[in-house]
Every structure is written in C-alpha cells, then in structure tokens.
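# fold the stuff below for me.
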Amino acid sequence: MRDILIPEDRLAVGDALLLCLAESVPSVRWRELDDDLRQAYARHVALLNVELRGELNVADLPEPIAFCNAYYWILVFAKRYQARYGFDAGIEQEVFSVLERAPANVDWQAVERVNEAVRQLARSDESPNRS
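Numbers count the residues shown, from 1 in each chain. Next comes the predicted model:
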C-alpha cells in the first residue's frame, strides 16, 4: 500500500484548511467531531479537491492516487464514527457515492487494496492487546 497511500503524518490538516472546509462544507458539524474524526474527514474532502490538495502539500498528486487516498480517509472516518456512535446510513451512503464518482482511470485493484488496508486497521483498532 505504500505505493498508493500517503502516510498520515504527511497529510497534516492545519487550522487554515479546517476553516476553509467549514466554509465550503457547512453541512458537516466540524466542531462536534472528535479531532481524529475531523482530521480523517478533512483529508477526504481536501484530497478530492484539486485546489485544496495544495493545503495538504500534495498538489501534484495524480487524480487516481488522490482518489484512492480520499477513499481511504472516508473509510477510516466511517469506521471511526461507527465505533464511537454506531451505524449511520448517511455516512455509508457517502462512502458509496465516493465510489460512484471515481475517475475513469482509477485502478480498481488499488481500490480493493485500500478496502483491505482499512479492514486491517479496523481489526488492529479492535484488538484487546492494543497499546
């Protein structure tokens, strides 16, 4: 997955990006989200937007790679949200709508690898031996 997913520490979501997102996506209750939920969703939204990718310092990212990373972060957001608050049909619908808007040249095998990476992450988060 290292060839597709950008490490989390390279996708820092700063205050300027959060302010921009709060203005451009007012339907999200940004202040009500825990920081890790807010960060995951912000990465998702920013990676889908060519201009906002610059705020994450990945402006030159090819569209299929940006899509896979954005998809990863919406899945992470959905899993974290569900773990805290339970199932939310609206969030699940958003995950599906992201797939429907995939670029024509997306590598579907890479998308499946993203799914598997998030499944592994969820399993490690549920592990009782987690430190």
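
# only C-alpha atoms from now on, for both contacts and neighbour counts.
Fine.

# just give me the neighbour total for the residue lying closest to Leu11 once chain neighbours are set aside.
Leaving aside its sequence neighbours, Leu11 sits nearest to Leu56 (Cα to Cα, 6 or more residues apart in numbering; 5.4 Å). Around Leu56 there are 18 other residues, counting by other Cα atoms under 10 Å.

# does Ile4 count as helix, strand or coil?
Three-state assignment for Ile4 (DSSP: H, G, I helix; E, B strand; the rest coil): coil.

# run through the residues that contact it.
When contacts are counted by Cα atoms under 8 Å, 6 or more residues apart in numbering, Ile4 is found next to 65, 68-69, 110.

# go with 10 Å
Residues near Ile4 by Cα atoms under 10 Å, 6 or more residues apart in numbering: 64-66, 68-69, 110-111, 113-114.

# then His44?
His44 neighbours (Cα under 10 Å, 6+ apart): 38, 66-77, 98.

# and the residues you listed, which of them are in helices?
In helices, judged by DSSP state H, the following of those are found: 38, 66-77, 98.

# show me the helices in this protein, by range?
With DSSP H as the criterion, the chain has helices at 15-24, 35-48, 50-53, 63-85, 89-100, 108-126.

# give me phi/psi at the closest residue to Glu63 other than its chain neighbours?
Spatial nearest neighbour of Glu63, excluding adjacent residues (Cα to Cα, 6+ apart): Pro103 at 7.2 Å. Main-chain torsions, Pro103, degrees, to the nearest 10: phi -60, psi 150.
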